[in-house]
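Asks: what shape does this take:
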Amino acid sequence: MNAHANPEDFDLYALGALDGEDKQQFEAHLRSCQDCRKQLAEAQAMSVLIGLTAPLLAPPPTVKAKLMDTIQKDRSAREAAATQTVLKPARRKAHWGLRFSLGFAMTTIVLALVCSWLWKMDTLHEQQLGHAMARLQKSEAQAERNQAAMRAMTRVMSAPDTVQVSLAHQAGTPPGTARVFYNARMGIVVYSGVISPAPSDKSYQLWLVPDSGAPVSAGLVEADQESGAAVAHLPQGLAAKAFAVTMEPSGGRPQPTGPKVLIGAVGSA
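Replies: Alright, predicted model coming up:
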């Protein structure tokens, strides 16, 4: 442009007294107007010259106030810019810290879930192993009992002083039949037989009836005790005059209380 719309803006800008929107518009115009840039350079040179040659005078209050206001605004703008420069990285750091915290929390949750799952699986495996060990121990104990029973049966069956007693079914009771091999010297009874199943709340119990005194329990017997004989150990030298199977409450009783299902006298085989 050949003439600026506000010639006084050159002097004000040179003195640093132009601010606000006027300053922004003036600077925007300078970028596209070489003539105005030259005129501004002349105004700045003149202001320097005036500053060196003019006597020291107190500026008018309005100029001083405007200059101080411009300085204060410029300072506030610089402080605001510095605050933004400092705060932006802080926000990024805060955002990064938040993302890190969330990521760490998610990782912690995942690790906790994995640890919980591993603990449950380990507990389950321990339980399964415990059940398997219990079954194995039970099987081993049963195998030992079976071997002991076989040895006892072999000893009783091969001994010349073993007696055999046939047990007969009694009227009005579940049908069945059984045999007993008894060796008083060894104190061993071997029982085998088949009886109709007892009610769920009842058990079959074998008794030795001595020559004198109360019957002696030889333990519980199964309804189907033919394939696997039951072996009982009694006091050695106990003379028997009979054997009987009674139906007792589940688990048996110290003395017979129920009906006699099978009875056999010694010497009647």
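
Asks: next, count neighbours for L15.
Replies: 18 (other CB atoms under 10 Å). Backbone N, C-alpha and C define where each C-beta goes, glycine included.

Asks: make that L136, sorry
Replies: Residues near L136, counting by other CB under 10 Å, number 10.

Asks: for the remainder of this discussion, apply numbering that starts at 8.
Replies: Shifting the count to begin at 8 puts that one at L143.

Asks: that one in helix, strand or coil?
Replies: helix (DSSP: H, G, I helix; E, B strand; the rest coil).

Asks: report pLDDT for it.
Replies: We note a pLDDT of 81 for L143 in this prediction.

Asks: what do you get for the one 5 residues further on?
Replies: Confidence per residue is given as pLDDT, and for A148 that number is 79.

Asks: equivalent analysis for the one 4 residues further on, please.
Replies: The model reports R152 with a pLDDT of 69.

Asks: repeat for E28
Replies: pLDDT at E28 comes out at 85.

Asks: ok so it is a helix residue?
Replies: Yes. The assignment for E28 is a helix, going by three-state DSSP.

Asks: number of nearby residues for it?
Replies: By other CB under 10 Å, the burial measure for E28, its neighbour count, is 7.

Asks: for A35, see how far away it is.
Replies: Separation of E28 from A35 (CB to CB, to the nearest Å) stands at 10 Å.

Asks: ok, V170 next?
Replies: Distance from V170 to A35, by CB to CB: 132 Å.

Asks: out of the two, which sits in the busier spot?
Replies: Comparing V170 with A35 by other CB under 10 Å, the one with more neighbours is V170, at 16 against 10.

Asks: and the gap between the more buried one and H176?
Replies: For V170 relative to H176 (CB to CB), the value is 21 Å.

Asks: who's in contact with D16?
Replies: Residues in contact with D16 (CB atoms under 8 Å, 6 or more residues apart in numbering) are 25, 29, 33.

Asks: show the buried residues in these.
Replies: Neighbour counting with 16 or more other CB atoms under 10 Å marks 25, 33 as buried within the contacts of D16.

Asks: for the contacts of D16, which one is nearest V187?
Replies: D29 (129.0 Å; CB to CB).

Asks: skipping adjacent residues, who's closest to the closest one in space?
Replies: In this structure, D29 finds its nearest non-sequential neighbour in D16, 6.6 Å apart by CB to CB, 6 or more residues apart in numbering.

Asks: now name the helix or strand holding that neighbour.
Replies: Per DSSP states H and E: D16 is located in helix 15-22.

Asks: surely Q46 touches D18?
Replies: No. In this structure Q46 lies outside contact range of D18 using CB atoms under 8 Å: 10.3 Å.

Asks: between those two, which is the more surrounded one?
Replies: Q46 (19 against 16).

Asks: what strand or helix carries that one?
Replies: Assigned by DSSP H and E, Q46 falls in helix 41-60.

Asks: give me the most central residue, the protein.
Replies: Centrality entry for the chain: nearest residue to the mean C-alpha point is S123, 3.5 Å, by CA atoms, centre = their mean.

Asks: for it, give its distance to Q135.
Replies: 19 Å.

Asks: give me phi/psi at the nearest residue to L19 once chain neighbours are set aside?
Replies: Nearest residue to L19 in three dimensions, chain neighbours excluded: L25, at 4.1 Å (CB to CB, 6+ apart). The phi and psi torsions at L25 (degrees, to the nearest 10) take the values phi -90, psi 130.

Asks: how close does the residue nearest to the centre of the chain get to T114?
Replies: From S123 over to T114 (counting by CB to CB), the distance is 15 Å.

Asks: next: A221.
Replies: Distance of A221 to T114, given as CB to CB: 76 Å.

Asks: that'll do, ta.
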